[in-house]
Structures are given as structure tokens and as C-alpha cells.
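# need a 3D model of the following:
(one chain, ligands or ions: 2)
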Amino acid sequence: MAQAELEAFKSSMGEAAAFFVDHLENGQHTNGFGVKSEDRDTSVQIGDRSYVIGGSHEGNPLFLGVQIHDKTTNKWSSPTVLGTGPKPCKGYSAIVLKQGRILVIKKGSASDDSIWFLEVDSLFVREQRKLLGKEVVAWSKGVRGNAEKPIVISGPSGVGKGTLITMLMKEFPSMFGFSVSHTTRSPRCMEKNGVHYHFTDKTVMEKEINDGKFLEFASVHGNLYGTSIESVEVVTDSGKRCILDIDVQGARSVKSSSLDAVFIFVCPPSMKELEDRLRARGTETEEQIQKRLRNAEAEIKAGKSSGIFEHILYNDNLEECYKNLKNLLGINDDAPVNGVEVEGINLPKEHTVTKMEDKIMIQETGEATKNDMIVLDLSSINGGAPGRTRGIVLDTVKSS
Ligand SMILES: Nc1ncnc2c1ncn2[C@@H]1O[C@H](COP(=O)(O)OP(=O)(O)OP(=O)(O)O)[C@@H](O)[C@H]1O
Ligand SMILES: Nc1nc2c(ncn2[C@@H]2O[C@H](COP(=O)(O)O)[C@@H](O)[C@H]2O)c(=O)[nH]1
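Numbers count the residues shown, from 1 in each chain. Ligands and ions are numbered 1, 2, ... in the order given. The predicted structure follows:
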């Protein structure tokens, strides 16, 4: 589009402050068959709205921008953007999918950073829109293949969750990975930042929660704890099965999220034994021990009766409980010790994109092209914002 045409176009579309619109699509995107494959910004139209993808988000050069133009009001708006989105790059192809998603393909990017989904009217986005009372869109990174279900382990403080998880990770280091939570509590003497927890400040954590960076969070024994989306995805991306050690409130939030997990609750043999273990650990003051024991009663009740947990383990004899944990996870001596294979998606730098039902055809363009075509099968995609969109199947069709 020439500069003069662009200016005329921008004024006819209403004012988009400091946002360069390279081109806007016309009706071809409304039926889901439209394609954009030029440099810089791109846009797709869904109903009366154009979603313009490009530039930067709120002036931050590390975050790709999203703006919405509403045809009925002729107004531009900047939605709240949830999730961790792609960094801006040279150009994008975008295509409208079902269920309020836009597939965004980055041009010339690394294989683990090429496929993204912008959710504009998914279940998650609708919920967040209602919750926040404002316009919301959410990014989700596209990943090839599926991951094994994460494991959520809850139970009262001192019951032995950490001990069991450590045993599992020690015996199967390439199979399991720990989701490192954020917390506002102070580190214990042996605890390392980034290993046991991400120790953080309350204001910083609250800001990140508001920015949609957390899968769940809760106030536990007087401090704020939470699982960032990144903490889970980092483990899953490395091909390992993710383990979350979180309280019952957190487990409840995860249960109602898009993360399909296995939920395990660990019970103590008695309250007396729980108290003895907490005291023997020697990490809490008397006041904190009392607080944790008071909370334990309610947690055990909720753990047994809330319907969140499909497995209840009693940690009396440690070795026996560990064996039961391995059994319910289906780990026996014949189980493979490797995680899921992780592969990126290598896409040609210059390409055109077409859509046919659930398949996206990516055809290389340019002088050195071999005319091979990459097909992304999206018929089995699952998950989505605020986490990854998994289950992309990739095929290459060689030119004859
Ligand atoms: N079956 C068991 N028998 C005796 N002691 C145990 C048993 N399991 C764990 N312990 C001990 O109990 C203490 C508490 O265990 P652990 O720190 O793993 O609990 P936790 O559930 O992770 O607690 P928190 O929620 O506070 O992090 C530790 O000192 C641990 O060695
Ligand atoms: N909801 C969440 N609960 C969490 C998270 N990380 C840990 N926890 C729970 O907090 C208590 C106390 O832990 P401690 O390390 O201070 O002893 C324990 O029950 C954990 O399960 C989290 O990210 N979210």
C-alpha cells in the first residue's frame, strides 16, 4: 500500500495512535480462508472487528502489539493482552481459526518460536473479559505433539509432599520436572532462589498476577504463593512431566483452568504425626507451626471431600507411600525413563499460507524455493491460553 493510500485508509478507519497499519484485509478473512503473508503488520477481520497484529505492545519493543478496530463504532482500542506473546519480528501471516482463535505465523523465526495463537474469543478470553470487565485477548504458543498430564500434589504443610517429589525427581530425573512456584515468604536457610521458589516481592507478584502471568495463586499461611504459566511450560517444553506442589486453593484453580492434570492429595496418618514432622523439620517458628496446623484441618477436609483429587495417598511409612505414588503414576520397572520428545517447527522465511478445514498449508516462496509444502494439522490441538496450544501435527509434502 502506498503512503498516500495508507493515510487515506487510516483516516477512513478512525485514529490508531502511533500504530502503523501496513494493510487491512477485507471480507476474505471472515470466512476463515483469508491469508496475510507480507512483511510487517498484518490484520484479520472477524465479524465487525479487525485485529491488527504488529508494532509493539504499549511501546515495549519486546512484545508484539495488538489493536482492534470496530467497524460499527469506527474506533480503535488496545485490548489487555494476557499470556506471554511473541516478540515482534519482520513479518507475520495470520489466519482466522474456529473457536475465537487467530493463527499467527512468524516469518524467519527460530523453530521453537514460529507458531502462535492469538485467542480473541476463546472460553478463557470470555471468562477473563467478564472477570476484568474490559476487552481481553490472550497469546498462546503453538507446540508440536502432546505433553503428558502435569501432576498436582497437595496436602497439609509437613505431610511430606516435598520429600516424595524429591524422591521421584531423583529416581527419574529425565522424566519429571518441578514447577518452581513464586512466593512472598522469606527463604529458609537451605533454599535457593529459582530452585525451590522464585522468592519475590508482594507488589511485583501482584503486578504479574494482574498481567495474567499466573496459572493460579493463593494466600497460604499468611503469604502469597503462585504458579506462573512460564514455570509449568518451561518444564513441559523440556519434554518432562511437570509436578506442581500447591495448596488446595491452588489445586481448585488449576482444576478449573485449561491445564488437564492429575490431582493427588497426601494425608498424614494423624494430626499428632503431622505436628511432630513439622516440629522435627525445624523450619518454622512456634507461631507458624500453630497456624499451619490450624489450616491443616480444613485442608484435609477439603482434600478428601472437594472432588478435586482423584487420588488420596496416606504418608505413614515413607517407602510404602512412595511406592503407591509410583503405582498410581503408572511407573513400574518397565516404564521408559525418557520424557516426551520435543521438536520445533521449521518454517520457510518467505511463504504463502492457505487454509483448508483444519489444515494449514505453508508454501515456500522466493527464488531458491524447492516448492515443498508444509502442512500443519490443527484438528487435534488442545490446551491454549494461558498456557501452550499443543497437539499440532506437522507433515512435509515434497514437490515431485
Ligand atoms: N513418611 C514419613 N515419615 C516420617 N517423616 C517424614 C515422612 N515423610 C516426610 N517426613 C519428614 O517430614 C518433614 C516434612 O516433610 P516435607 O518438608 O516433605 O513436607 P511438605 O508437605 O513438603 O511441607 P510444606 O507444605 O510445608 O512444604 C520433613 O522433615 C520430612 O523429612
Ligand atoms: N497455591 C499455591 N500453593 C503453593 C505454591 N507453592 C507452594 N504452595 C503451598 O504452600 C504451602 C507452604 O509451603 P512452604 O514451602 O512455605 O512450606 C504448601 O502447602 C505448598 O503446597 C503455589 O505456587 N501455589
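# residues from the stretch 251-400 of the chain in reach of ligand 2?
Counting by Cβ under 6 Å from any ligand atom, no position of the stretch 251-400 of the chain is adjacent to ligand 2. To be clear about C-beta, it is placed using only N, CA and C from the backbone, and glycine gets the same treatment.
# apart from its neighbours in sequence, what residue is nearest the closest residue to ligand 2 within the stretch 101-250 of the chain?
Nearest residue of the stretch 101-250 of the chain to ligand 2: G250, at 2.4 Å (Cβ to the nearest ligand atom). Once flanking residues are discounted, G250 sits nearest to E216: 4.5 Å by Cβ to Cβ, 6 or more residues apart in numbering.
# show the contacting residues for the one you found.
Contact partners of E216, counting by Cβ atoms under 8 Å, 6 or more residues apart in numbering, are G226, T227, I246, Q249, G250, S253, V254, S257.
# direction included, what does the strand or helix carrying it pair up with?
According to DSSP states H and E, E216 maps onto strand 214-220. If you go by DSSP bridges, strand 214-220 pairs up with strand 223-228 (antiparallel).
# and whichever helix or strand comes after the strand it pairs with, which residues are buried?
Per DSSP H and E, the first helix or strand lying C-terminal to strand 223-228 is helix 229-237. Buried residues in helix 229-237, defined by neighbour count with 16 or more other Cβ atoms under 10 Å: I229, E230, S231, V232, E233, V235, T236, D237.
# how about the residues you listed in CSV, adding distance to ligand 1 and pLDDT?
Putting the buried residues of helix 229-237 into CSV (distance: Cβ to the nearest ligand atom, whole Å; pLDDT from 0 to 100) gives the following:
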residue, distance to ligand 1, pLDDT
I229, 22, 93
E230, 22, 93
S231, 16, 96
V232, 19, 95
E233, 23, 91
V235, 18, 94
T236, 22, 91
D237, 25, 88
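# which one among those residues gets closest to G133?
I229 (21.9 Å; Cβ to Cβ).
# what's near enough to touch the residue nearest to P88 when sequence neighbours are not counted?
For P88, ignoring the flanking residues on the chain, the nearest one in space by Cβ to Cβ, 6+ apart is L64 at 4.8 Å. Going by Cβ under 8 Å, 6+ apart, L64 touches I53, G54, G55, S56, H57, G85, P86, K87, P88, C89.
# out of the buried residues of helix 229-237, which is nearest to E287?
Nearest to E287 among these, with distances taken as Cβ to Cβ, is S231, at 29.5 Å.
# now the closest one: closest residue in space, sequence neighbours ignored.
That would be S179: by Cβ to Cβ, 6+ apart, it lies 4.6 Å from S231.
# so that neighbour sits against L244, correct?
Yes: with contact defined as Cβ atoms under 8 Å, S179 and L244 form a contacting pair (4.6 Å).
# if we can go back for a sec, of the contacts of L64, closest to K291?
Closest to K291, out of all of the contacts of L64 and judged by Cβ to Cβ, is G85, at 39.4 Å.
# touching, the closest one and W116? I think so.
Yes: counting by Cβ under 8 Å, G85 touches W116, with 7.0 Å between them.
# if I look at the two, which residues touch both of them?
Joint contacts of G85 and W116 (Cβ under 8 Å, 6+ apart) are W139.
# tell me the pLDDT of the residue in the stretch 301-400 of the chain that ligand 2 sits nearest to.
Nearest residue of the stretch 301-400 of the chain to ligand 2, counting by Cβ to the nearest ligand atom: G303, 10.8 Å away. As predicted, G303 sits at a pLDDT of 96.
# just give the number of residues close to it.
Residues within reach of G303, counting by other Cβ atoms under 10 Å, total 24.
# pull out the buried positions in whichever strand or helix holds it.
Assigned by DSSP H and E, G303 belongs to helix 286-305. Buried residues in helix 286-305, counted by 16+ other Cβ under 10 Å: I289, R292, L293, N295, A296, E299, I300, A302, G303.
# S179 and L244: which is more packed in?
Per other Cβ under 10 Å, whichever of S179 and L244 has more neighbours is L244, with 26 against 22.
# was I right about that one contacting I264?
No: between L244 and I264 there is no contact under Cβ under 8 Å: 10.2 Å.
# wait, does the helix holding G303 contact ligand 1?
No: using Cβ under 6 Å from any ligand atom, helix 286-305 never reaches ligand 1; the gap is at least 6.8 Å.
# now the angle between strand 214-220 and that helix, please.
120 degrees (axes from the mean of the first three to the mean of the last three Cα atoms, to 10 degrees).
# run the chain-centre distance for helix 286-305.
Its chain's C-alpha centre and that of helix 286-305 lie 30 Å apart, by Cα atoms, centre = their mean, to the nearest Å.
# what's the answer for stretch 299-306, then?
Its chain's average C-alpha position is 27 Å from that of stretch 299-306, according to Cα atoms, centre = their mean.
# please name the bridge partners of A94.
Beta-bridge partners, per DSSP bridges, of A94: V104.
# got TSV for the contacts of L64, with pLDDT, distance to ligand 2 and secondary structure too?
Formatted as TSV, these follow (pLDDT from 0 to 100; distance: Cβ to the nearest ligand atom, whole Å; DSSP: H, G, I helix; E, B strand; the rest coil):
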residue	pLDDT	distance to ligand 2	secondary structure
I53	94	32	strand
G54	89	35	strand
G55	85	34	strand
S56	85	31	strand
H57	84	26	strand
G85	89	23	coil
P86	92	26	coil
K87	89	27	coil
P88	89	31	coil
C89	87	33	coil
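# which members of those residues additionally contact ligand 1?
Okay, of the contacts of L64, nothing touches ligand 1 (Cβ under 6 Å from any ligand atom).
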